[in-house]
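Engineer: Build me a model from this:
(2 chains)
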Protein chains: 2
Amino acid sequence: MKTIVIVAHPELQASGTQQFLKEAAHSADGVTWHPLKWVNTNDNAIIGQERKMLQNYTRIILQFPLYWYQAPALLLQWLAVVLHTDDEQKMAEKELGIVVNIGQPLSDYRLGGSQGFSLSELLSPFAAIARRLKMKLLPLFVIEQFHYQQENQKKHLLVEYLQYLELEQPFTFAKKEEWFIKHLQQIINSESKNEVEESTWNAVLELFQERSEELAELKAEIKIMRRDDENQI
Amino acid sequence: MKTIVIVAHPELQASGTQQFLKEAAHSADGVTWHPLKWVNTNDNAIIGQERKMLQNYTRIILQFPLYWYQAPALLLQWLAVVLHTDDEQKMAEKELGIVVNIGQPLSDYRLGGSQGFSLSELLSPFAAIARRLKMKLLPLFVIEQFHYQQENQKKHLLVEYLQYLELEQPFTFAKKEEWFIKHLQQIINSESKNEVEESTWNAVLELFQERSEELAELKAEIKIMRRDDENQI
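Structural biologist: As a prediction, this is how the structure comes out:
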């Protein structure tokens, strides 16, 4: 799977959130970072290039902050010149992900909340786009109040963001676990650690794998018990 | 009441729909036509001018075609630089109207329709804006498939559009009737007609006024009957 992150932010350099996400994306496998610039509506060479580029990816992520409850003008202009309404042959079966960051708490976006609408409602145009082009829409990825987040919240965000870019859909617990094991393995194999670190990581990894096997056994057991129960009814 | 129509169309001159609406608006009372251009985000003189301008109007209409289920980039960029999130003191009690034109039939915009979402869902960001700035949101004004409309459909559209710009809210039947009488009167008083036309119009107007009185009587009668009914229960 190849992922492209299309970043629409009018002041990209000044955005701490976007810089954080950019660094995270750089440590991901096969992820391309594509910050948007204004596309001249008559520049067919650039438009053709952008259209061709999309064909190289199976997961397309649109990433932006919410301005007046909508995507920034930059993204809408790009959509208008790059996507055609009859592109479903080209776009069908690709995945469409939305990474949106908001300055208010997520809990404000609901019936009776201070914003009065859910993000799913406000961003429904993207669901309509996915539907029109027969793309698979991934669950929204929401980053709330990045600048108020504590260090450990940001670490969580980092992991979840990387999984959003890399993991195959649907994002099951098993796939997340596998992802963790792979990443831990990479850390262990890399050379920038001392021996103590390495053995610690190894221990964590072993424990994790052990737990994972244990969990698989438990799940199998529950499955059998359920089947027995159902047969009794 | 003073109305401003903020028109966001990337190719305004080429749009038959917008040219039609522009002509219609010119025959309306106290309506300002304001086609948007790209606003340089640093041009504080222009931004200040746009902000000040809005203060002169009690009804603000945003008028645009739907591109990828959203307002054009032009409008979003204008909103981003002209409106502030703490503008409710300036904007509260103003009315916000949305005139949107669509290339597909309106019936496609619903659950199970070919677009899968209603226009109210897709345009919910504007409801959120109105809510945030404590503005009164007018019912959406939708123009569907303008280019397929017959001459008499366009005449209907013209009248409904003018009423959307001019009529006080809520748009009751009585207000629409009053509006018709006023406009017929204006036509009769204007000098660009021959005598036959004038007498025809006069006849229509008389009939209309007569009907209007009849209707008022009938309504009063029904009211009394209802009250009697309720008293019997």
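
Engineer: ok, and the closest non-adjacent residue to residue A:34?
Structural biologist: Leaving aside its chain neighbours, residue A:34 sits nearest to residue A:6 (5.1 Å; criterion: CB to CB, 6 or more residues apart in numbering or on different chains). Yep, even glycine has a C-beta here, placed from its N, CA and C like the rest.

Engineer: where are the low-confidence patches of chain A?
Structural biologist: Filtered on pLDDT under 70, chain A yields the residue ranges A:191-193, A:233.

Engineer: Name the residues of it found near chain B, please.
Structural biologist: Contact residues, chain A versus chain B (CB under 8 Å from any CB of the partner chain): A:10, A:41, A:67-74, A:76-77, A:79-80, A:83, A:115-117, A:121-122, A:124-125, A:127-129, A:131-132.

Engineer: count of residues packed around the residue nearest to residue A:34?
Structural biologist: Neighbours of residue A:6 under the rule other CB atoms under 10 Å in any protein chain shown: 24.

Engineer: likewise residue A:150?
Structural biologist: Using other CB under 10 Å, residue A:150 has 8 neighbouring residues.

Engineer: The one 5 residues further on too?
Structural biologist: Burial of residue A:155, expressed as a neighbour count using other CB under 10 Å, amounts to 11.

Engineer: Is the closest residue to residue A:176 other than its chain neighbours part of a helix or strand, or is it coil?
Structural biologist: In space, residue A:176 comes closest to residue A:163 once its chain neighbours are excluded; the distance is 6.2 Å by CB to CB, 6+ apart. The local conformation at residue A:163, judged by DSSP: H, G, I helix; E, B strand; the rest coil, is helix.

Engineer: try residue A:62
Structural biologist: Three-state call for residue A:62 (three-state DSSP): strand.

Engineer: was I right about the residue nearest to residue A:176 contacting residue A:171?
Structural biologist: Yes: the pair residue A:163 / residue A:171 is scored as a contact, 6.6 Å apart, by CB atoms under 8 Å.

Engineer: how about residue A:131, what does it touch?
Structural biologist: A:137, B:115-117 (CB atoms under 8 Å, 6 or more residues apart in numbering or on different chains).

Engineer: In terms of helix, strand or coil, where does residue A:128 fall?
Structural biologist: Three-state assignment for residue A:128 (three-state DSSP): helix.

Engineer: now it: how far from residue A:79?
Structural biologist: The spacing between residue A:128 and residue A:79, counted by CB to CB, to the nearest Å, is 12 Å.

Engineer: domains of chain A?
Structural biologist: Per automatic domain parsing, the domain ranges recorded for chain A read A:3-171, A:172-233.

Engineer: Which stretches in chain A count as strands?
Structural biologist: Taking DSSP state E as the criterion, chain A contains strands spanning A:3-7, A:31-35, A:59-65, A:95-102, A:136-137, A:141-144.

Engineer: Residue A:57 - how many residues pack around it?
Structural biologist: Other residues within reach of residue A:57, judged by other CB under 10 Å, total 20.

Engineer: Quick check: it touching residue A:4?
Structural biologist: Yes: at 4.3 Å, residue A:57 counts as touching residue A:4 under the criterion of CB under 8 Å.

Engineer: Quickly list what's touching both of these two.
Structural biologist: Both residue A:57 and residue A:4 are in contact with residue A:32, where contact means CB under 8 Å, 6+ apart.

Engineer: re the thing from before, can you select the buried ones among the contacts of residue A:131 for me in PyMOL?
Structural biologist: Buried subset of those, written as a PyMOL selection, criterion 16 or more other CB atoms under 10 Å in any protein chain shown:
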select buried, chain B and resi 115+116+117
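
Engineer: returning to that earlier point: most tightly packed of the domains of chain A?
Structural biologist: domain A:3-171 (a mean of 17; mean count of other CB atoms under 10 Å in any protein chain shown).

Engineer: quick one, helices of chain A?
Structural biologist: A:16-26, A:44-54, A:73-82, A:88-91, A:119-122, A:124-132, A:151-166, A:173-189, A:195-232 (DSSP state H).

Engineer: Residue A:1 contacts residue A:60, doesn't it?
Structural biologist: No: using CB under 8 Å, residue A:1 is not in contact with residue A:60, being 11.4 Å away.

Engineer: Please determine how far the residue nearest to residue A:176 is located from chain B.
Structural biologist: Using CB to the nearest CB, to the nearest Å, residue A:163 is found at 28 Å from chain B.

Engineer: show me the residues around that residue that make contact.
Structural biologist: Counting by CB under 8 Å, 6+ apart, residue A:163 makes contact with A:171, A:176, A:179.
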